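Asks: Predicted structure and sequence below. I'll ask about it afterward.
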Amino acid sequence: MTRRLRRKVAKKGKDDTVSLSYLEIEVDNLGLQRNGVVDWINLPDDTVIQLFSCLNYRDRASLSSTCKTWRFLGSSQCLWSSLDLRAHKFDAATATLLASRCVNLQKLRFRGAESADAIINLQAKSLREISGDYCRKITDATLSVIVARHEALESLQLGPDFCERITGDAIKATALCCPKLKKLRLSGIKDVYADAINALAKHCPNLVDIGFLDCRNVDESALGNVLSVRFLTVAGTSNMNWDLVSHLWHKLPKLIGLDVSRTDIGSDAVSRLLSSSQSLKILCTINCTVLEQDPSISTTKTNGKVLLTLFSDIFRELSSLFAKTSNKESNVFLDWRCSKNRDKNLNEIMTWLEWVLSHTLLRIAESNPQGLDEFWLKQGAALLLSLMQSSQEDVQERAATGLATFVVIDDENASIDRGRAEAVMRDGGIRLLLNLANSWREGLQSEAAKALANLSVNANVAKAVAEEGGINILAGLARSMNKLVAEEAAGGLWNLSVGEEHKAAIAEAGGVKALVDLIFKWSSGGDGVLERAAGALANLAADDKCSIEVAGAGGVHALVMLARNCKFEGVQEQAARALANLASHGDSNSNNAAVGQEAGALEALVQLTRSPNEGVRQEAAGALWNLSFDDRNREAIAAGGGVEALVTLAQSCSNASPGLQERAAGALWGLSVSEANSIAIGREGGVAPLIALARSDAEDVHETAAGALWNLAFNHSNALRIVEEGGVPALVHLCSSSLSKMARFMAALALAYMFDGSRIDEFAPMSSSSESTSKSVSLDGARRMALKHIEAFIRTFSSPQAFAAAAASSAQAALAQVTEKARIQEAGHLRCSGAEIGRFISMLRNSSSILKACAAFALLQFTIPGGRHSVHHASLMQGGGAARVLRAAAAAATSPIEAKIFAKIVLRNLEHHQVETSI
């Protein structure tokens with residue numbers, strides 16, 4: 001995502017949230033504090049067990065090893081009835097170590113094929129529920145072994161990602177091995193054939209909840225044989241024969257809820273199911289394109305049943321399930337959860353509805369079909385927020401993921417829908433997400449942090465997150481030992497740090513240290529977390545104070561390590577960008593020098609300019625550009641192959657983005673400050689690509705290309721190369737046509753260097769007489785063209801009236817008026833060497849009145865009080881007779897009026913700086 005910068009300190013108060021990943025327990029009231037320190041040894045057993053229950057299984061096992069008492073308490077069966085393995089690597093060796101604690105394990109959540117293979121090593125024969133995600137590589141063999149070892153299994157859920165390698169054979173094995181099965185939900189099975197479904201009907205008499213989601217083929221007839229089913233979803237499943245479905249499934253005697261969302265069901269099948277089924281109470285047909293395009297659906301008789309479509313009022317429709325509902329516009333999920341007297345059947349329906357709606361809304365958000373803005377704004381966002389308050393953890397997670405997803409328009413360019421994001425904020429979504437992020441459940445922390453990160457791309461939402469205390473929470477989560485949690489929290493800090501008003505708050509919350517620590521903690525195998533951490537640090541480093549804190553926390557070493565060792569292009573790009581920002585404060589702190597002195601930093605950045613990824617090349621060139629402002633860095637970059645690499649980069653970026661072009665030319669501009677580097681750039685072929693970049697349409701590229709050519713033109717050999725490569729017309733075009741004053745100024749100075757009286761033709765190779773004549777004519781024509789446009793450029797900054805007043809009187813007011821008209825604000829940032837200042841002084845003696853005016857104009861820009869380097873330039877001019885030459889130029893009868901007035905102003909500037917220095 002594109003990130004930049006902001007600041008706001010979270011409010012303190014009774015609703016403050018804290019950044020702990022565990023439940024707070026009041027120990028002070030237990031009398032267990034001594035001098036402010038908790039007496040952990042004497043905590044009551046139930047308090048210790050409560051603490052243990054808030055930890056993931058790895059931390060729980062580690063804490064149990066501290067003493068015999070905690071080892072005994074940590075083995076309590078109540079702590080090991082449920083196990084979530086998703087947060088950390090889980091393999092056979094880990095499973096074997098945990099086996100002794102998992103004798104009575106009832107519920108298990110896992111992630112990925114390796115974890116699935118290791119489940120049997122837990123030897124948890126009493127296991128009742130298994131839920132897994134990232135299941136694409138799980139095979140029939142693995143699933144068959146799992147179900148064979150867990151005959152007491154009552155619930156099996158795999159998804160929402162597709163189970164591409166699981167077939168009907170594994171489903172059949174599940175039916176044969178797990179006769180107590182009540183719930184089976186599988187996603188992305190290619191073919192659920194009749195024998196597998198019939199096996200479920202025959203061997204699993206208690207199977208009441210079936211879900212075959214996003215499957216390619218499901219045997220409709222066989223599903224009609226599962227007479228025990230009460231809730232059935234085939235959402236997203238293709239190749240369904242809906243005519244057959246409508247004639248068979250209405251006969252299912254216990255079917256209460258049917259979900260056919262995201263399918264191609266038509267209105268005839270819907271009408272037949274609603275009219276024929278005696279038991280059916282709710283039919284979900286959300287995002288069924290064929291149905292929604294049929295105008296007759298609006299008049300379909302539901303026969304007292306609930307029909308949910310994309311454009312129906314879902315909250316209102318669901319309220320009809322409740323016999324006593326006074327407010328048809330209320331949030332039925334919230335009312336149901338708060339109800340004291342719950343109906344058992346209604347509880348089953350609402351629990352199932354939460355699950356199917358969370359799944360369907362997430363799938364719709366992922367596919368992001370056109371034309372759904374009204375749905376999301378009117379009820380989609382509210383539905384997701386309501387589902388986030390479910391008692392089902394997987395529903396909460398999916399709802400939070402849905403919020404993170406549905407706001408995104410273009411993930412590649414970090415673009416989100418403003419209306420959707422602010423709808424979440426208006427409906428209280430920020431507080432709900434922060435509460436989930438502050439939960440001790442790591443799955444919820446991760447998904448809530450992801451949603452907060454995406455929503456915070458919107459400036460208004462970012463402000464709300466900060467005001468609600470979100471920065472402290474995310475900074476705390478960034479310290480998590482769970483990589484997924486830390487990654488999403490770092491992403492949140494990355495987006496929040498886009499705004500200036502949030503940067504200081506992130507630093508105050510300990511975010512800088514947490515982000516640097518993440519790089520060291522996950523230096524290998526954590527591309528996602530490393531990119532987000534480096535991106536956040538890059539934003540923070542753009543602030544002067546935060547950049548000092550980044551360096552103080554070890555950020556320079558961490559970022560250089562990434563630039564040197566990480567092979568992931570996203571990480572390389574953000575690391576280079578962070579180093580560029582750290583090096584951008586050369587006048588206010590020592591980070592520029594610190595980056596250059598870090599072992600391998602400059603070599604790594606030079607190497608990254610050769611990356612196949614344009615973003616990496618751009619940020620590496622930008623870093624080298626900033627670093628080249630330091631004299632030692634400039635020479636070290638050149639010694640490390642920087643000249644050759646950057647010339648090659650400039651040669652290859654004629655069709656690249658303006659950002660890359662600007663930085664490639666800028667880095668060469670920075671290196672060319674040194675005369676030796678300038679000569680090397682010319683020798684390596686750097687003139688031609690810089691001339692090509694000078695013809696760019698982008699103003700920023702104009703400036704850097706003109707700056708580099710200005711420096712190169714100081715050397716006579718390079719000046720000749722510029723002429724020979726067709727650089728004069730390019731510079732003339734910049735001087736006369738660029739919208740950038742700085743580009744026009746530096747193009748004029750480059751032309752002045754080239755034709756200030758030095759005979760560049762003497763540096764051309766020896767040639768025949770006819771060739772020499774042609775070259776002389778060519779150079780003379782180029783000189784006339786250059787002088788003509790330099791003169792036109794100077795005159796754009798002159799006012800005849802102001803000049804006349806200044807000529808008649810040397811009063812401060814008259815000269816100030818000319819200065820104000822002539823001043824180029826950005827020129828005050830340029831720093832010239834003694835040799836360059838000396839050349840402009842010499843140019844004041846030139847026979848050309850145009851070059852005299854140009855030299856005086858340049859010296860005026862460099863000495864205006866308040867300029868970053870004006871004192872430096874004035875000190876260079878104090879000796880060597882500069883003042884005498886300036887007075888001569890100001891008084892000479894042959895000097896043009898521009899040269900006279902500008903020379904007077906420069907003399908006044910020198911007097912001002914002399915007085916300032918003496919004070």
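Replies: Perfect, thanks for sending it. Residues are numbered from 1 along each chain as shown.
Asks: going forward, measure contacts between C-alpha atoms and count neighbours the same way
Replies: OK.
Asks: Surely Ala899 touches Ala856?
Replies: Yes. Ala899 lies in contact with Ala856 (CA atoms under 8 Å); the separation is 5.6 Å.
Asks: For burial, what's the neighbour tally of Glu317?
Replies: 18 (other CA atoms under 10 Å).
Asks: tell me the contacts of it?
Replies: Contacts for Glu317 (CA atoms under 8 Å, 6 or more residues apart in numbering) come out as Val306, Leu307, Leu308.
Asks: any low-confidence regions in the protein?
Replies: Applying pLDDT under 70 to the chain flags residues 1-38, 324-330, 758-777, 880, 917-919.
Asks: could you measure Gln345 against Leu308, distance?
Replies: Quick fix: residue 345 is Asn, not Gln. 19 Å (CA to CA, to the nearest Å).
Asks: higher neighbour count, those two?
Replies: For the pair Asn345 and Leu308, the greater number of neighbours falls to Leu308 (21 against 10), based on other CA under 10 Å.
Asks: The more buried one bridge partners, please.
Replies: Taking DSSP bridges, one obtains Cys284 as the residues bridged to Leu308.
Asks: surely it meets Cys284?
Replies: Yes. Using CA under 8 Å, Leu308 is in contact with Cys284, at 4.8 Å.
Asks: For Leu213, give me its contacts.
Replies: Residues counted as contacts of Leu213 (CA under 8 Å, 6+ apart) are Arg185, Leu186, Ser187, Gly188, Ile189, Thr233, Val234, Ala235, Gly236, Thr237.
Asks: Tell me how many other residues crowd the closest residue in space to the fourth one that isn't next to it in sequence.
Replies: Same thing as Gly188. Excluding its sequence neighbours, the residue lying closest to Gly188 (CA to CA, 6 or more residues apart in numbering) is Phe162, at 4.0 Å. Phe162 is flanked by 21 other residues according to other CA under 10 Å.
Asks: Check Asp631 too.
Replies: Using other CA under 10 Å, Asp631 has 14 neighbouring residues.
Asks: so how far is Gly707 from it?
Replies: Distance from Asp631 to Gly707, counting by CA to CA: 18 Å.
Asks: quick revisit: between the contacts of Glu317, which is nearest Pro612?
Replies: Closest approach between the contacts of Glu317 and Pro612, by CA to CA: Leu308, at 49.9 Å.
Asks: what sits against that closest one?
Replies: Ile282, Leu283, Cys284, Thr285, Ile286, Ile314, Glu317.
Asks: and the nearest residue to the first one once chain neighbours are set aside, what does it touch?
Replies: Just to be clear, that refers to Ile282. Among residues not flanking Ile282 along the chain, Val306 sits closest, at 4.6 Å (CA to CA, 6+ apart). By CA under 8 Å, 6+ apart, Val306 lies in contact with Lys281, Ile282, Leu283, Glu317, Leu318, Ser320, Leu321.
Asks: Show me which of those residues are buried.
Replies: Lys281, Ile282, Leu283, Glu317, Leu318, Leu321 (16 or more other CA atoms under 10 Å).
Asks: Okay, and which of the residues you listed map to strands?
Replies: The members of those that map onto strands under DSSP state E are Ile282, Leu283.
Asks: which residues in the stretch 51-200 of the chain form helices?
Replies: 57-64, 68-74, 92-98, 112-118, 140-149, 168-177, 194-203 (DSSP state H, counting those that start in this stretch).
Asks: er, the stretch 801-919 of the chain actually
Replies: Using DSSP H, counting those that start in this stretch, the helices of the stretch 801-919 of the chain run over residues 812-822, 834-843, 849-863, 870-878, 882-891, 897-918.
Asks: got the contact list for the third one?
Replies: When contacts are defined by CA under 8 Å, 6+ apart, helix 849-863 is touched by residues 748-749, 752, 756, 787, 790-791, 794, 823-824, 827-828, 830-831, 837, 840-841, 843-846, 869-871, 873-874, 894-896, 898-900, 902-903, 905-906, 909-910.
Asks: Any quick PyMOL command for the buried ones out of those residues?
Replies: Under the burial definition 16+ other CA under 10 Å, those of these that qualify are selected in PyMOL by:
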select buried, resi 748+749+752+756+787+790+791+794+823+824+827+828+831+837+840+841+843+844+845+846+869+870+871+873+874+895+896+898+899+900+902+903+905+906+909+910
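Asks: Out of the helices of the stretch 51-200 of the chain, which gets nearest to Val728?
Replies: Per CA to CA, nearest to Val728 of the helices of the stretch 51-200 of the chain: helix 112-118, 63.3 Å.
Asks: Not counting that closest one itself, show me its contacts.
Replies: 85, 89-92, 95, 110, 132-138, 142-143, 146.
Asks: Filter these down to the ones in strands?
Replies: Under the assignment DSSP E, the contacts of helix 112-118 contribute Phe110, Gly132, Asp133 to strands.
Asks: Could you check how far the second one is from Leu143?
Replies: Note on Gly132: its distance to Leu143, by CA to CA, is 11 Å.
Asks: of the two, who's got more company?
Replies: Gly132 (23 against 19).
Asks: The more buried one is in contact with Gly159, isn't it?
Replies: Yes. Using CA under 8 Å, Gly132 makes contact with Gly159 at a distance of 6.4 Å.
Asks: Trp341 - how many residues pack around it?
Replies: Careful, residue 341 is Asn and not Trp. 7.
Asks: Repeat that for Gln123.
Replies: Using other CA under 10 Å: Gln123 sits among 21 other residues.
Asks: can you give me phi and psi for it?
Replies: phi 60, psi 40 (degrees, to the nearest 10).
Asks: give me every residue that touches it.
Replies: Ala99, Cys102, Val103, Arg149.
Asks: before we move on, what about Asp544?
Replies: By CA under 8 Å, 6+ apart, the contact list for Asp544 reads His585, Ser588, Asn589.
Asks: of those, closest to Asn718?
Replies: The shortest gap between Asn718 and any of those belongs to His585, at 31.2 Å (CA to CA).
Asks: In a strand, that closest one, correct?
Replies: No. Using DSSP: H, G, I helix; E, B strand; the rest coil, the assignment for His585 is coil, not a strand.
Asks: residues touching it, list them.
Replies: Counted by CA under 8 Å, 6+ apart, His585 has contacts Asp544, Asn591, Asn592.
Asks: which ones are touching the second one?
Replies: If I follow you right, that is Asn591. Shown in contact with Asn591 (CA under 8 Å, 6+ apart): Ser547, Ile548, Ala551, Leu582, Ala583, His585.
Asks: In the residues you listed, find the pair that's most separated.
Replies: Ala551 and His585 (12.0 Å).
Asks: how about Glu791, secondary structure?
Replies: Here Glu791 is recorded as helix under three-state DSSP.
Asks: With distance to Ala713 as added columns, please give the contacts of Val306 in a markdown table.
Replies: Shown next, in a markdown table, are the contacts of Val306 (distance: CA to CA, whole Å):
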| residue | distance to Ala713 |
| --- | --- |
| Lys281 | 84 |
| Ile282 | 80 |
| Leu283 | 78 |
| Glu317 | 77 |
| Leu318 | 77 |
| Ser320 | 82 |
| Leu321 | 83 |
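Asks: from these, which is closest to Ser497?
Replies: Leu318 (41.5 Å).
Asks: Leaving out the residues flanking it, which one is nearest to Ser276?
Replies: Using CA to CA, 6+ apart and skipping the chain neighbours, the partner closest in space to Ser276 is His250 (5.9 Å).
Asks: Quick check: the one you found touching Lys281?
Replies: No. His250 is beyond contact range of Lys281, at 11.5 Å (criterion: CA under 8 Å).
Asks: what about the nearest residue to Ala553 once chain neighbours are set aside, distance to Ser391?
Replies: Spatially, and ignoring its direct neighbours in sequence, Ala553 is nearest to Lys513 (5.7 Å; CA to CA, 6+ apart). Counting by CA to CA, the gap from Lys513 to Ser391 is 35 Å.
Asks: neighbour count winner among those two?
Replies: More crowded of Lys513 and Ser391, by other CA under 10 Å: Lys513, with 22 against 12.
Asks: which secondary structure element contains that one?
Replies: Following DSSP states H and E, one finds Lys513 within helix 511-521.
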